[in-house]
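# fold the following for me, if possible:
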Amino acid sequence: MAEVSETSRSASQVTAIGLEVKKTGGMRYRRVGRSGLTVSEMGVGCFSFGEFIDTKAAAAVVHCALGMGINYFDTADSYGIGVSEEKLGAALVGRRDQAIVATKFSNRMDHGANDIGTSRWHIVRACEASLRRLKTDYIDLYQVHWPDRRTPMEETLRALDDLVRAGKVRYLGVANHFEWEICEAIWIAEKFSLNKFISSQDHYSLLYRDIEKRMEPFCVKYGIGMNSYFPLGGGLLTGVYQRDAPATPGTRAATGTSYPAWNSKRNWDVAESLKAFAQERGWTLPQMSLAWLLSRPAMSTIIAGADKPEHLTQNVKALDVRFSDEDLVEIDRLTLVDEDRTQAPVYRKLRPEKMHEFGPMQDAKARAQS
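Purely as a prediction, here's the structure:
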């Protein structure tokens, strides 16, 4: 069979106004908040690259992800103290333009007095080091990993703005900040005409919904894209582990610190009820859990870790899950138990119209009465 030339292949995608978007494997894409940056709804968390899998395995995950249309890769300089960035950079050699690389800084990277935080000294040094490890001359999304409340926000923003203007960084984001800290950063950026944060990476899952009290409404209001981590609750929402059973030796649950923190009676009660709910509808628990996050109003991408290509194959099936309003109401009932962490109980009981997530419940009730 004759080979199709690159020119012919491109010509087949040409429309009246240019090239069409190439969609692979049914992947869908979203803008990050109100920015112009477009990312895949499913991302790859590269924490495991730093400690749990070798260079060859990391490359297999990255190449599989790119082949599936996943373009978002989240790492940090502190994951394995630079090792995760090195493995991601090696895997992207020759393919850098296909990826959105999001990395983070501010955790301690050495023993020196300035080897931590968000000072200008540390930011410039950390960025240069990340660029070397990632084998690139730019970072797509550069994020403050944890707040440094001893350094003035203006100093941090001016240093980051300089990196953007120098072409070393394309966009800015934060992780693990309070909404008031992001709001302060917005005010300072507007006052001094500096680049703003476009995203917020936070701990969010069906087992932990406290973020819906203040952060989620704030992100909707100010156009901040949410990028959640721990989307499967430290492993409890994978459906792999069993209550009161020891974790399989060699797994991340057995060797890491995250799983034990989630291993509580309350979380197991919720996870088991969610698993039964998902199975009744022909879904797996992790697919439903990831899909639910994508249903949230400010969500840009899900940062789901993957140790092998098969994990990606399972994760992207979440894109096929569709919820009815009744499904979302039932998920609320199953997850907002023992402690109502979404809204103060008095509002839930007396002023339900004040609850930002009350729309689906009202719609479902109206349909049931019609």
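# once you drop chain neighbours, what's closest to Gly239?
Once flanking residues are discounted, Gly239 sits nearest to Leu285: 4.1 Å by Cβ to Cβ, 6 or more residues apart in numbering. The C-beta positions use only the backbone N, C-alpha and C, and glycine is treated the same way.
# right, and that neighbour touches Val240 too?
No. Shown here, Leu285 and Val240 do not form a contact pair, counting by Cβ atoms under 8 Å, at 9.4 Å.
# compare neighbour counts for the two and give me the winner.
The neighbour comparison of Leu285 against Val240 (other Cβ atoms under 10 Å) goes to Leu285, with 22 against 14.
# what's the separation between the more buried one and Glu212?
According to Cβ to Cβ, to the nearest Å, Leu285 and Glu212 sit 21 Å apart.
# what does Asn176 give?
Going from Asn176 to Glu212 by Cβ to Cβ gives 16 Å.
# repeat that for Lys191.
For Lys191, the distance to Glu212 equals 30 Å [Cβ to Cβ].
# need the strands for this protein, in chain order.
For the chain, the strands defined by DSSP state E occupy 14-15, 18-19, 29-31, 38-40, 42-45, 72-74, 100-105, 139-144, 169-175, 197-203, 225-229, 299-305.
# and those, which is most packed in?
For those, average neighbour numbers computed from mean count of other Cβ atoms under 10 Å are highest in strand 72-74, which has a mean of 28.
# partners of it, with directions?
Sheet pairing of strand 72-74 (DSSP bridges) gives strand 42-45 (parallel), strand 100-105 (parallel).
# tell me which of those lies nearest to Leu319.
For the strands paired with strand 72-74, distance to Leu319 was read as Cβ to Cβ. The smallest value, 6.9 Å, belongs to strand 42-45.
# list the contacts of that closest one.
If you take Cβ atoms under 8 Å, 6 or more residues apart in numbering as the criterion, strand 42-45 is touched by 27, 61-62, 65, 70, 72-74, 102, 227, 229, 290, 301-306, 312, 315-316, 318-319.
# show me the contacts for Cys219.
Taking Cβ under 8 Å, 6+ apart, we find Cys219 in contact with Gly33, Glu179, Ser200, Gly225, Met226, Ala298.
# let me fix that: Leu293
Contact analysis of Leu293 by Cβ under 8 Å, 6+ apart lists Tyr204, Ser205, Ser228, Pro231, Met299, Ile302.
# let's see that with 6 Å instead.
The neighbours of Leu293, taking Cβ atoms under 6 Å, 6 or more residues apart in numbering as the test, are Ser228, Pro231, Met299, Ile302.
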